[in-house]
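# model this:
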Amino acid sequence: MSHLDPPNLRVPPVLHSLRYLDVAVSEPSPGIPQYLSLGYVDGILITRYDSERGRTEPLTPWMAAGAEPGYWDRETQINEWNRLMAATDLEILRDRYNWSGGLHTWQRLSGCDLLSDGSVRGSDRFSFDGRDSISFELGSGSFVVADGAAQITKRNWELEGIMVDYWTNYLENICLEWLRKYVGYGREALERKDPPDVHVSGKEEHGILTLSCHA
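Coordinates of the predicted model:
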């Protein structure tokens, strides 16, 4: 931050974060499932679902031990629904972008941050073939689009009249509620402070000693 930035624009530090990365492809193949969903807390991979295995699974011991009865069945059902919706989106986009075939990808990155002052920051972002399409930021109350095809989606969502409220409630309340639960499951691991492991090495060439420090 430069000396020109006013102090009141400083963003409080992030205490904890929850992210979901969902990916769907138009042409699945062995090892490349039609749909994949990965969940992260504080950058740590905690859950995985893919359409080949057909089951949401824990990827940390504390998620496996902490989740309440029925949690994994519910998460599997949610991911099955999301898989169908992603496949439908790919079909719609085939027409909007005039795709003639081949491999195409649908991606969604959504989640929330709990900040040190107790406030919440969140977003939901969609992209296709690696290019931004449409996004929603908590607090903005509107969708941001990157191209004409996404403009159609924005117009449809605005006509429905419920999507802004839906995304706001999800990011501000539901996402935060689950983030706090997950942090509770893995607090010991997530908040452990380990000292860095430091190695220093040196190499001399032409009478000049160059030191390298790896932490």
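# tell me the contacts of residue 96?
If you count contacts by C-beta atoms under 8 Å, 6 or more residues apart in numbering, residue 96 has them with 149, 152. No exception for glycine: its C-beta is placed from N, CA and C like everyone else's.
# Check residue 26 too.
Applying C-beta under 8 Å, 6+ apart, the residues near residue 26 are 90, 94, 99, 102, 103, 104, 105.
# What strand or helix carries the nearest residue to the third one once chain neighbours are set aside?
With C-beta to C-beta, 6 or more residues apart in numbering as the criterion, residue 99 has its nearest non-adjacent residue at 7.2 Å, and that residue is residue 93. Under the criterion of DSSP states H and E, residue 93 resides in helix 71-96.
# Identify the residues contacting the next helix or strand after that helix?
As assigned by DSSP H and E, the chain's next helix or strand after helix 71-96 is strand 105-115. With C-beta under 8 Å, 6+ apart as the test, strand 105-115 has contacts from 11-26, 40, 86, 89-90, 93, 120-130, 138, 171-172, 175-176, 179-180.
# hmm, try it at 7 Å
12-25, 86, 89-90, 120-130, 171, 175-176, 179 (C-beta atoms under 7 Å, 6 or more residues apart in numbering).
# now stretch 166-184
16, 18, 41, 46, 111-112, 114, 120, 122, 124, 136, 138, 190.
# Strands - which of these land there?
16, 18, 41, 46, 111, 112, 114, 120, 122, 124, 136 (DSSP state E).
# now for the residues you listed, which pair is the farthest apart?
Pairwise distances across the ones in strands among the contacts of stretch 166-184 peak at 23.5 Å for 46 and 136 (criterion: C-beta to C-beta).
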